[in-house]
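>>> What would the 3D arrangement of this be:
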Amino acid sequence: MGMLDDILNSIQDGGGTGGPGTQSAPGSEGMSPIAKALIGLIAGYAIKNMGGMGGGSPAQPGGSPSQGQGGGLGDVLGSILGGGAMASRGGPSGGSGGGLGDVLGGLFGGGAGAGSAINGGLGDLLKQFQQKGLGDEANSWVGTGPNKAISPRDLEGALGGDTLNSLSQHTGMGRAALLDGLSQQLPRFVDQLTPNGRLPTKEEAGRML
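Coordinates of the predicted model:
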């Protein structure tokens, strides 16, 4: 289990309101829904950054990751959860029992590809917040000081309806619960992925798996 698995394994539903049973190894069916949403968000922006996968449409206008059947956020979440489009094309299933690094490595072409995906996906996600006027908040999550809070309403405006609909569909969380959980957990998640006060390099991100 890598560092990213440890980070996600510490995350509970709704920002810590879930009981002990909400936590289990990422890559398994028992992975917390909000943890699935967080990694799906990074992976979805990674697909946009990499120009799509498998010949699918990489992104929709406006900078949000695509939900297209040929390689969008829905495919990534489906693979993490098991039984998704990626799994049906021979990719690793989230129910395979392996760590999250195995899932991302299969999706993005091994450890190096997964490291590039985390680097690029996280970078594009932060750019989205900056473009929506939330750069101070996003920069505080990356920096070494306190993390600034973000409201569910601001988060909704930054991510967009299509992305949130896809996350809600594949995690089983309602829109309100999803936004509440992400608003509480996303700042800490980004903070933990950027321990040096900057985006991790591709090599550093690869070592997190």
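>>> Mean pLDDT per helix and strand in this protein: which one sits at the bottom?
Ranking every helix and strand in the chain by mean pLDDT, DSSP states H and E puts helix 85-88 at the bottom, with a mean of 38.
>>> list the buried ones in the longest helix anywhere in the chain?
Under DSSP state H, the helix in the chain containing the largest number of residues is helix 110-131. Of the residues in helix 110-131, 111, 113-126, 128-129 count as buried by neighbour count, 16 or more other Cβ atoms under 10 Å. From N, CA and C alone the C-beta is placed, and that goes for glycine too.
>>> can you check stretch 167-186 too?
Within stretch 167-186, the residues that count as buried by 16+ other Cβ under 10 Å are 167-168, 170-171, 173, 177-186.
>>> Take these and keep only those in helices.
Using DSSP H, these in helices are 167-168, 170-171, 177-186.
>>> Show me what the longest helix of the chain packs onto, helices and strands only.
On a contact count with 3 or more Cβ pairs under 8 Å, 6 or more residues apart in numbering; DSSP states H and E, helix 110-131 meets helix 33-49, helix 100-108, helix 135-142, helix 152-159, helix 175-193, helix 202-206.
>>> what angle do that helix and helix 33-49 make?
Per axes from the mean of the first three to the mean of the last three Cα atoms, to 10 degrees, the angle that helix 110-131 makes with helix 33-49 is 90 degrees.
>>> pLDDT (mean, whole number) over helix 110-131?
What helix 110-131 shows for mean pLDDT is 88.
>>> angle of that helix against helix 175-193?
For helix 110-131 against helix 175-193, the angle by the same axes, to 10 degrees is 120 degrees.
>>> mind showing which ranges of the protein have poor pLDDT?
Scanning the chain for pLDDT under 70 picks out 1, 12-30, 51-73, 76-103, 110-111.
>>> list the contacts for F129?
When contacts are counted by Cβ atoms under 8 Å, 6 or more residues apart in numbering, F129 touches G135, E137, A138, A158.
>>> Test my guess that the last one contacts Q130.
What that stands for is A158. No: in this structure A158 lies outside contact range of Q130 using Cβ atoms under 8 Å: 9.5 Å.
>>> so what sits against both of the two?
By Cβ under 8 Å, 6+ apart, no residue touches both A158 and Q130.
>>> if we can go back for a sec, quick one, which of the helices and strands packed on helix 110-131 is nearest to M3?
Nearest to M3 among the helices and strands packed on helix 110-131 is helix 175-193 (8.4 Å), distances taken as Cβ to Cβ.
>>> Using PDB, write out every CA atom in that closest one.
What follows is helix 175-193, C-alpha atoms only, in PDB (Å, rounded to 0.1, in the frame of the first residue of the first chain):
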ATOM      1  CA  ARG A 175     -25.300  16.200  -4.700                       C
ATOM      2  CA  ALA A 176     -25.600  17.900  -1.300                       C
ATOM      3  CA  ALA A 177     -23.700  15.200   0.600                       C
ATOM      4  CA  LEU A 178     -21.000  15.000  -2.200                       C
ATOM      5  CA  LEU A 179     -20.400  18.800  -2.100                       C
ATOM      6  CA  ASP A 180     -20.300  18.800   1.700                       C
ATOM      7  CA  GLY A 181     -17.800  16.000   1.800                       C
ATOM      8  CA  LEU A 182     -15.600  17.400  -0.900                       C
ATOM      9  CA  SER A 183     -15.600  20.900   0.700                       C
ATOM     10  CA  GLN A 184     -14.300  19.300   3.900                       C
ATOM     11  CA  GLN A 185     -11.900  16.800   2.400                       C
ATOM     12  CA  LEU A 186     -10.500  18.300  -0.800                       C
ATOM     13  CA  PRO A 187      -8.300  21.000   0.900                       C
ATOM     14  CA  ARG A 188      -6.700  18.300   3.100                       C
ATOM     15  CA  PHE A 189      -6.300  15.900   0.200                       C
ATOM     16  CA  VAL A 190      -4.500  18.500  -1.900                       C
ATOM     17  CA  ASP A 191      -2.400  19.500   1.100                       C
ATOM     18  CA  GLN A 192      -1.300  15.900   1.600                       C
ATOM     19  CA  LEU A 193      -0.500  15.500  -2.100                       C
END
